[in-house]
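Student: I would like the atomic coordinates for the input below:
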Amino acid sequence: MLQSPREPSGLCIPCTKPRYNRWFRNRSGYTQHMNAKHPTFLTPPRSPSLAPDITDFGDTGPMDDEDPLQSTAEFVGTGDRLYRNYHPFLSVQAGSKCTVFSDHRDLYKKIDNTPLGDVKWQSFSVKYTGAIPDEGALPWMEDSHDVWFRDPREVVRNMLANPDFATEMNLQPYREFATENHERQWKDFMSGDWSWAHADKISEDPDTHGSTFVPVILGSDNTTVSVATGQNDYYPLYASIGNVQNNVRRAHRNAVAVIGFLAMPKTTKEHTETPGFRNFRRQLFHSSLSFILKNLKPVMMKPEVARFGDGHYWRVIYGLGPYIADYEEQVLLACILRNWCAKCLSRRGNLDEINLCRSRSHTDALIEECDSGTLKSEYGLVGELVPFMNDFPHADIHELLAPDILHQLIKGAYKDHLVEWVEKYLLQTHGKKQANIILDDIDRRIAAVPPFPGLRRFPQGRHFKQWTGDDSKALMKVYLPAIEGYVPVDVVRAFQALLEFCYLVRRNVITEKSLSEIEDALTRFHTYREVFKTTGVVTTFSLPRQHSMSHYVHLIRLFGAPNGLCSSITESKHIKAVKEPWRRSSRFKALGQMLLVNQRLDKLAASRVDFRVRGMLAGRKRAQSVHALANELDIPHLADLVSQFLVGQLYLDMDPTEVPDSLIDCPRFDGKIQVFNSAVSVFFAPSDLSGIGGMKHEYIRVSPKWRSGHARKDCVYSLFFSFRLRGVYYPCAVVRWFNRVGNTPDDDTGMWMVEPSSVDHHAHFAVIHVDTIFRSAHLIPVYGTDMLPLTIKSHHVLDIFTLFYVNKYADHHAFEIAC
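Tutor: Alright, predicted model coming up:
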C-alpha cells in the first residue's frame, strides 16, 4: 500500500517540482538542488522595436507559482544583480508580502516604459563603394558594417536639463582673476580662451547674438572586454558638454554619455596592412562620426530653445569642442602618420624643434598643392582622407585635440619611457645578474612602503604583465625614493621634474604662476633626461608623447585645467558602459544587450534625479579605560597626556593665571572611553578624484590587525578614541610627533625629510582633538644605498627607520600643500 509523503524530521523546505519528494534543512541546500536538478535557462532573444538585435538577457523564464521561496526573493537573474547595484532604492525587502514589482520582467517593463532619459538607439550600415580591382573584389570590399548610435542632440539636451548640474554649470565663458594679485587663473573648460573666442563669434552674428554657447566634447577609444573567449573588441563613442564643470565630468553623474558604437572592420592577414584597407578603415571612422553628428549641424548655425536644470529656457547654439583621445586615436583623427605630432608641423625625426601649429586651412592648402608622396614625407599627412570635422563649421581637429594626462604623461613619458629606461640603464651598467639583484631590491623597497589612504600597495613590487592606468599612477607616488642610490642624480632629478610637471598640470586651478612652474619643470626635465642619452640608454628623444608636453601651456590657456579633458574619464566610462554590460550578457549578440542596458541605466539615473527633485527620496574588543589603553599602546604616561589635552580644551578662553601649572592640578579622566580603528577626514581637494563639490573623504586607519594580518597605522596616528566629560563629547587621536630635517626640501627628490621626535630619549606622543587634524601624511623611508633585508616589510618601516621623506606625490592635494 502506498503511503502519503510526510515531512522528514528537521527538514522544512520542500522541492515543489513534480516527481521530486525532496526536503531541505535550509535555503542553501534548496538552492544547490534547484541549480543542479532544475536549472533555469535564458529565454530566446526577443526584439524590441527600438533595436532589432537587443536582447533582454535578464529574463530567466517563467517563475513557479508553487515555489515556497518566491515570496522572499528580491529578483531573479543577472539583471537583478546589475540594477540593484546601481539603484538600491529599487530593491524589495526580503520576506515582504507586498513587493513593488512582481518579478524582474515587470521591473524591466517599467524601466522600458519610463520616458525620462529616453534616447532610442538607431543604426545604419556602411560598406565599401570605391573602385573594384580588375581581378575581383577583395574580401573586405564586400562586407557590410553596422554602426549603432543615439541622437547626440537629444543626449545633450538631457544633460542641459539635468537638475543635478543646475549649480555646477557655466552658461557663459569667463575669465577669472585672483583677488589678491589680479593673476589670471584657469579652472573649468569655459574659463579658457577657446570658448571665449567662439562666444565672440556668436555675438557678432545677428542670428545667434545672445545665445548660450554649448560646446560638445567627444571622446572615443576601442576597448577589449575579453581575450579568453575570443578577441571581443568594442569601439564606444562618448559625448559630454563643456558647460558642466570639470569635477562633474570627472565624477560622471551622467555628464558623460555613450552615444555610439563604431564599426571595427576586419579582414584577412593578407590584406590587413594594405594601403587600400587601411584607408577604408580610417575613412569609415570619419564618415561614421559625420553621420552620427549630423543632427547637430543645423543648430550650430541657428539657435534653438533648450530647457536647463534650473527650470529656465535658453537659446543655445552648439559647436564641436575638444576631442578626448590617446595618441593612436589622435593619429586617426588628424589623418597623419604615426610618429608625427598632430598639433604642430615638427618633423618626426626632430619633434622638439619649435614649429608652427597645424590648422585646418593650412592642411587644406597643402592637400590642394602637394602630391600624396610630398604630403607624407614632408608633413606626415594622409591626403586621401577627409576628417569628419571638415563637415562642421568652426571645427579644426588639430586645434581641438585635447591634452591627455593619462596616456601622454603617466603611461607614456613616465611608465613607458623613464621607468623602462631605468631598467635598461641598470642592465647596461651592471650586467644582467647584478641588475636583477638591484631591481629585486627596488621591488622590496616599493613593497615596504607604509600603507596610506588611497595609495595602492605593491606587495610583489612592480613586475606584473598587464599595466593599467591606476597601476602607473600608483607607482608614480612611491617609485622615486626606491631608485635613489642606484641611478645617477640626474636620473632622480629627471623623475622629480616629470612628477612635478604631472602634478602641476593635474591641478584643479592653474594660475599664471603655475604655468611658469610648468614651463620650469619641463625645462628641467629636458635638461636632466640627457643623462639617458649620454649613458647610451636611448638615442633620441623624438617621441610624440614626450613631445606633447611642450603643448600643455598653450592648451591650458585654450581649454582650462587638463584634468577635465583627460582620457581617464572615458577609460572609466568603459567599465560602466561597455565591460560590465558585456559581462552580464549572454554573449550571444552581446552588443544588442549592451545597448539595452545602457538605455535602461540612463533611464534609471534620470528617474533617480527626478525622484530626488520631487522629494520622493528622503557600523576584538578594545580598551575601555585610559589605563587599559595606556597598557595596550605601551604609553605609560597616557593619562598625563589626556590631562594635558583637557587643559587645552577646558581652559582655552580663561586667564593664564587660572590655568593649572602642574599635572597634579590638571583635570583627570577615569571614565569609559571608546576606541576606533579609523577616522574620516573631509577636506577640499578638487584636483583629486572627489565628489562634485570637490570635497574628498579620506579614511585614516589605525588598526591592530588590518584584514586579519599585521597592524596598520596610517602615518603617525597610534589610535583614535573618544570620551564624554561634563556632558561634552571629545573625539581624540594619539599621535607621535616628527621633526622636520632642514629648512628646505631635499634637492634631489624635492620632498621634505622628517625624523621621529623624542623627549628624554622617549618617543614624543600627544593627545589631540580630531578637529585639529588637517589630513594624514605619507612617509617613505630614506633607504640610502644599502640593500633592504628580505625580512623588512611595510608594517615594520615606521618603527625601524629614523629618517623619512614626506611623500608629496601621494596624491594631488598632498602635492599642493607640501611644496
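Student: Against which helices or strands is the helix ranked longest in the chain packed?
Tutor: The longest helix of the chain (DSSP state H) is helix 420-447. Applying 3 or more C-beta pairs under 8 Å, 6 or more residues apart in numbering; DSSP states H and E, we find helix 420-447 packed against helix 479-483. Every C-beta, even on glycine, is put in place using the N, C-alpha and C of the backbone.
Student: quick check, distance from the helix or strand following the helix it packs on to the centre of its chain.
Tutor: Using DSSP states H and E, the helix or strand that follows helix 479-483 towards the C-terminus is helix 489-505. On the basis of C-alpha atoms, centre = their mean, to the nearest Å, helix 489-505 sits 22 Å off its chain's mean C-alpha point.
Student: in helix 489-505, what's buried?
Tutor: 490-505 (16 or more other C-beta atoms under 10 Å).
Student: sorry, back to before: and the angle for the helix or strand just after the longest helix of the chain with helix 420-447?
Tutor: Next along the chain after helix 420-447, taking DSSP H and E as the criterion, comes helix 469-476. Put simply, helix 469-476 runs at 80 degrees to helix 420-447, going by axes from the mean of the first three to the mean of the last three C-alpha atoms, to 10 degrees.
Student: How many residues are close by the residue nearest to residue 297 when sequence neighbours are not counted?
Tutor: If the residues on either side of it in the chain are set aside, residue 297 comes closest to residue 392, at 6.0 Å by C-beta to C-beta, 6 or more residues apart in numbering. When neighbours are counted by other C-beta atoms under 10 Å, residue 392 registers 20.
Student: now swap in residue 205 and tell me
Tutor: 12.
Student: Spit out the contact partners of the closest residue to residue 788 other than its chain neighbours.
Tutor: Distance criterion C-beta to C-beta, 6+ apart; nearest residue to residue 788, sequence neighbours excluded, is residue 444 at 4.7 Å. Residue 444 is in contact with 461, 788, 790, 792, counting by C-beta atoms under 8 Å, 6 or more residues apart in numbering.
Student: Out of those residues, which is nearest to residue 812?
Tutor: Closest approach to residue 812 among the contacts of residue 444 (C-beta to C-beta): residue 461, at 24.6 Å.
Student: State the number of residues packed around that closest one.
Tutor: By other C-beta under 10 Å, 17 other residues sit near residue 461.
Student: Could you do residue 433 as well?
Tutor: 7.
Student: circling back: can you put the contacts of residue 444 in CSV and add secondary structure?
Tutor: CSV is the format used below for the contacts of residue 444 (DSSP: H, G, I helix; E, B strand; the rest coil):
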residue, secondary structure
461, coil
788, coil
790, coil
792, coil
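Student: I would like a PyMOL command selecting only the buried ones among these, please.
Tutor: Buried residues within the contacts of residue 444, by 16+ other C-beta under 10 Å, are selected in PyMOL with:
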select buried, resi 461+788+792
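Student: Let me have the contacts of residue 444 in a markdown table, extended by pLDDT.
Tutor: Shown next, in a markdown table, are the contacts of residue 444 (pLDDT from 0 to 100):
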| residue | pLDDT |
| --- | --- |
| 461 | 72 |
| 788 | 88 |
| 790 | 86 |
| 792 | 86 |
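Student: If we only consider the contacts of residue 444, which is nearest to residue 249?
Tutor: residue 461 (34.5 Å).
Student: ok, now which ones touch the closest one?
Tutor: Going by C-beta under 8 Å, 6+ apart, the list of residues near residue 461 reads 440, 442-444, 446-447.
Student: Can you select the buried ones from those residues in ChimeraX?
Tutor: Buried residues among those (16+ other C-beta under 10 Å), as a ChimeraX selection:
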select :442,443,444,446,447
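Student: could I get the contacts of residue 461 as CSV with distance to residue 347 and pLDDT?
Tutor: Shown next, in CSV, are the contacts of residue 461 (distance: C-beta to C-beta, whole Å; pLDDT from 0 to 100):
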residue, distance to residue 347, pLDDT
440, 42, 91
442, 37, 91
443, 40, 89
444, 44, 91
446, 39, 90
447, 44, 88
